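Engineer: model the structure of this input:
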Amino acid sequence: MEKKVYKSRREKVIDFLVGFIAIPFFLYFPILVRIFPRPGYYYPRGLIFGSVFVWFLFLALSAYIGFKRKFIGIGLLFSLIVVPLVALGTCFLFGGR
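Structural biologist: Numbers count the residues shown, from 1 in each chain. Okay, the predicted model is just below:
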């Protein structure tokens, strides 16, 4: 896979949105469904550890894609690091009382 050469702003925006929305959705959704159990349902420990292992595999794959396509990598950076930190700061700022 070669590095992507962007010819228009539209390609950059589409790749950014793929990195920002699509990849994290497919990364987080299966994990969140398995880690946060429904009331009265027992999840075996192996299932949780297995899903976290799969999450790390998806993360490595998406990082590889991000290195080859710059704006997917920037979208991933924003969705996996910047947005959670802003949300955490907002919780600390407004969630006190």
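
Engineer: below-threshold pLDDT in the protein: ranges please.
Structural biologist: For the chain, the stretches with pLDDT under 70 are 1, 28-52, 54-55, 96-97.

Engineer: so where do the strands sit in it?
Structural biologist: In order along the chain, the chain carries no strands (DSSP state E).

Engineer: what is the burial count for residue 95?
Structural biologist: Burial of residue 95, expressed as a neighbour count using other CB atoms under 10 Å, amounts to 8. No exception for glycine: its C-beta is placed from N, CA and C like everyone else's.

Engineer: my bad, residue 74
Structural biologist: The burial count for residue 74: 17, using other CB under 10 Å.

Engineer: list the contacts for it?
Structural biologist: With CB atoms under 8 Å, 6 or more residues apart in numbering as the criterion, the residues that contact residue 74 are 16, 19, 66.

Engineer: who's in contact with the nearest residue to the last one once chain neighbours are set aside?
Structural biologist: Nearest residue to residue 66, sequence neighbours excluded (CB to CB, 6 or more residues apart in numbering): residue 73, at 2.8 Å. Residue 73 is in contact with 19, 63, 65, 66, 67, counting by CB under 8 Å, 6+ apart.

Engineer: returning to what we had before: can you tell me which of the contacts of residue 74 comes closest to residue 4?
Structural biologist: Within the contacts of residue 74, proximity to residue 4 (CB to CB) peaks at residue 66, which comes in at 10.9 Å.

Engineer: please tell me how far that closest one sits from residue 95.
Structural biologist: As defined by CB to CB, to the nearest Å, residue 66 lies at a distance of 32 Å from residue 95.

Engineer: just to revisit the earlier point, most neighbours among the contacts of residue 74, please name it.
Structural biologist: Neighbour counts for the contacts of residue 74 were taken using other CB under 10 Å; the highest belongs to residue 19, which has 25 neighbours.
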